[in-house]
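K.L.:
Could you look at this predicted model? Sequence included:
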Protein chains: 2
Amino acid sequence: MSLATASRALHGGTRVVTAELRERVEKAARHLGYTSHGPAQALARATTPVVGLIVHDIADPYFSALAIGAMREAHESGLLVLVCNTFRDPLLELDYVARLRAQRARGVLLFGSGFTERSYQSKLHRELDLLAGLGGRVACISPHGFTTDAVLPDHRDGGRLAAQHLTDLGHRRIGVVSGPANLLVNQERLRGFRDQLRALDIELPAEQIAKADFTREGGRAAAIELLGRDSELTAIFALNDVMAVGVLAALRDDLKLSVPDDVSVVGFDDIALTADVQPALSTIHLPLEEIGRRGMELLLDEQAVSTRTVRVPASLVQRASSAPPRG
Amino acid sequence: MSLATASRALHGGTRVVTAELRERVEKAARHLGYTSHGPAQALARATTPVVGLIVHDIADPYFSALAIGAMREAHESGLLVLVCNTFRDPLLELDYVARLRAQRARGVLLFGSGFTERSYQSKLHRELDLLAGLGGRVACISPHGFTTDAVLPDHRDGGRLAAQHLTDLGHRRIGVVSGPANLLVNQERLRGFRDQLRALDIELPAEQIAKADFTREGGRAAAIELLGRDSELTAIFALNDVMAVGVLAALRDDLKLSVPDDVSVVGFDDIALTADVQPALSTIHLPLEEIGRRGMELLLDEQAVSTRTVRVPASLVQRASSAPPRG
DNA sequence: TGACGAATGGAAAGCGCTTTCCGGCCTAGA
DNA sequence: TCTAGGCCGGAAAGCGCTTTCCATTCGTCA
């Protein structure tokens, strides 16, 4: 019996084989402890069963929620997922795209936000173009500064909703804990927030904005700074939940202020456990797992006639951390 | 110029090449937009630059904390990580090991716990043996029912510490929210807890143990059940933090009981945000990221003379959710 | 019963790379 | 000036598979 026959029996492929023969081959394979050689198959078939996922930090609940959605979808298509953790380093991101290309990944799904720097964007774009030239597909979540298939949560409107919520409650002097200024998502969220305030003729001077990285500790430090600069603030909007949790910690542990009595807090993303923190966090909800799933769907759906965009609305979830300002 | 020369220039490999030549080749490669073909390299070199990570649920902070540690280590060795999410399905786990073997992954790192079923264990063991026969390495976190390189957090002692803590506070009637009975980690933690109680002549009747899956909702339902069965319980020990958060939610939202005044709660793992929940959770700390890192270290360190075992101690972190029983 | 077509097994050509082996060139020592 | 030894570039084999192309066999219809 030849290799050709065996290959056909094992994978069907172009031609069908008698059930009896397949049976026989499979038994022999099992008996010999044979395992097909993936790289060789990839070479011969000119395709691999793997896709790449690029995340900034898989330990961040935001990314892991997106990831689980994407992985579920990938699993349903029988694909393996190479998870690339950039540790928020743009250079590493570029490097990973190149490596995924070398691995001939079917596609690359970019999570997290792109950076605003033009040079970064064009470099990344070039890497992705090379990938596409090799037949790889590309999709991303949130804007990355160039056009590809993308799932676009409405960050802008989310920011707007947060402003509306806080102003509806009566807040006028609101601090903002912003993430890194060069992240596109961050910009969008902030822009929506500011637009809404402006529509109501409320000021948002620079002193009321504090920068932090997207971490709990960053949020904590930023909150302390904000209230140090202006103790009259009655509310704080954190541009993501992880930082919002830090803000709550600062208020509770460092500043001994009560939330929402002294200060209201609103976050963004609605990650897991936001309902369980102290106090339960009001936030802008994004269906993260669903977003991840849709992203992978886009990546795997070959019928791309043109660039597709899936818009996902944001919504407000009011919990215990926001209330009308005291007095 | 031949392919051989180019290959040597690009990767060094067995022989060194003039700097000038390398320069020239690299420029040409860049100019042509050349990207090496990973699968072909893998075939020729008989090795791949990828390792596999098997997790039950990457969105669970326990696993994502382990994962980030492992990924950091893998990145330092220039390896790509294939993350396989089993969705807690043992069959899928077996399937993933087989697929990683087919992909000729350098090694497979198993997170999470093994199941107690003998048939599962022997099947998994067989898959892993085949992998090892192909030169792949294997390591795991927590016991899996067979011997490999392993990082073994002291689950037993963690359980013991939890019991000691609660009994030291004066609790005698303690409920336990257990995870699936067929998970080895779960067994170990419970055993340690029970041993310590027994040493103090305290009963732990079956009615004081409620089973749940390892989720927040599971913990919540289990807490309601436990207190329904015995309203005199003064404390609850949840076998992991995710369930403990569910227990807190049940107490707060469903049963309107105060923690720790009415009921004390202790968790296990010390995942992110446990300090931020309401009230801050007393728990058994495990250095998760470090554990993940050590696991990958074991996996990548080829010098394995014999099976290596890294033991990691557990420790108590007392926060606000545990206190002496009322009156 | 003969011949034609369908169906099936096998030989062989690659897929894109690495690496061994060989041959030519250059340097240095006699 | 001649030769031995060291270097370096290139040809070619081979990694393990898939798939095309042929050859063969079988079934069927005239």
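P.N.:
Arrived safely. Numbers count the residues shown, from 1 in each chain, chains lettered A, B, ... in the order given.
K.L.:
State the distance from the residue of the stretch 201-327 of chain A found nearest DNA strand D to A:Gly135.
P.N.:
Using C-beta to the nearest atom of the strand, the single residue of the stretch 201-327 of chain A nearest to DNA strand D is A:Glu302, 16.7 Å away. In this view, the C-beta of every residue, glycine as well, is placed from N, C-alpha and C. A:Glu302 sits 10 Å away from A:Gly135, going by C-beta to C-beta, to the nearest Å.
K.L.:
Which one's more surrounded, these two?
P.N.:
Neighbour count, other C-beta atoms under 10 Å in any protein chain shown: between A:Glu302 and A:Gly135, A:Gly135 has more, with 11 against 8.
K.L.:
isn't there a strand covering the more buried one?
P.N.:
No - A:Gly135 is assigned coil when assessed by DSSP: H, G, I helix; E, B strand; the rest coil, not a strand.
K.L.:
who's in contact with A:Pro143?
P.N.:
Residues near A:Pro143 by C-beta atoms under 8 Å, 6 or more residues apart in numbering or on different chains: A:Ser113, A:Gly114, A:Ala150, A:Leu152, A:Leu184, A:Val185, A:Glu188.
K.L.:
What is the nearest of those residues to B:Leu91?
P.N.:
A:Ala150 (34.6 Å; C-beta to C-beta).
K.L.:
Please name the nearest non-neighbouring residue to the residue in the stretch 101-250 of chain A positioned nearest to DNA strand D.
P.N.:
Residue nearest to DNA strand D within the stretch 101-250 of chain A: A:Arg104 (13.4 Å; C-beta to the nearest atom of the strand). Spatial nearest neighbour of A:Arg104, chain neighbours left out: A:Thr48 (5.1 Å); criterion: C-beta to C-beta, 6 or more residues apart in numbering or on different chains.
K.L.:
Mind jotting down where the helices sit in the stretch 151-300 of chain A?
P.N.:
A:155-169, A:184-199, A:216-229, A:241-249, A:288-300 (DSSP state H, counting those that start in this stretch).
K.L.:
Which strands or helices does the first one pack on?
P.N.:
So that's helix A:155-169. helix A:184-199, strand A:235-238, strand A:264-269, strand A:282-285, strand A:315-317 (3 or more C-beta pairs under 8 Å, 6 or more residues apart in numbering or on different chains; DSSP states H and E).
K.L.:
Quick check: A:Asp95 vs DNA strand C, distance?
P.N.:
18 Å (C-beta to the nearest atom of the strand, to the nearest Å).
K.L.:
what's the burial count for that residue?
P.N.:
15.
K.L.:
What of A:Leu21?
P.N.:
A:Leu21: 14 neighbours (other C-beta under 10 Å).
K.L.:
Pull the contacting residues for it.
P.N.:
Counting by C-beta under 8 Å, 6+ apart, A:Leu21 has contacts A:Thr5, A:Ala9.
K.L.:
Please apply the same query to the one 5 residues further on.
P.N.:
With contact taken as C-beta under 8 Å, 6+ apart, A:Glu26 is in contact with A:Ala9, A:Leu10.
K.L.:
Quick one, grab the pLDDT at it.
P.N.:
Turning to A:Glu26, the model gives it a pLDDT of 81.
K.L.:
same deal with A:Ala304?
P.N.:
For A:Ala304, pLDDT reads 69.
K.L.:
Output the set of residues of the stretch 201-327 of chain A in proximity to chain B.
P.N.:
In this structure, the stretch 201-327 of chain A approaches chain B at residues A:216, A:245, A:248-249, A:272-273, A:275-280, A:289, judged by C-beta under 8 Å from any C-beta of the partner chain.
K.L.:
try it again with 10 Å
P.N.:
Contact residues, the stretch 201-327 of chain A versus chain B (C-beta under 10 Å from any C-beta of the partner chain): A:216, A:241-242, A:245-246, A:248-249, A:252-253, A:271-281, A:288-289, A:292, A:320.
K.L.:
Can you flag the buried ones in those?
P.N.:
Neighbour counting by 16 or more other C-beta atoms under 10 Å in any protein chain shown classes A:216, A:241-242, A:245-246, A:248-249, A:252, A:271-281, A:288-289, A:292, A:320 among these as buried.
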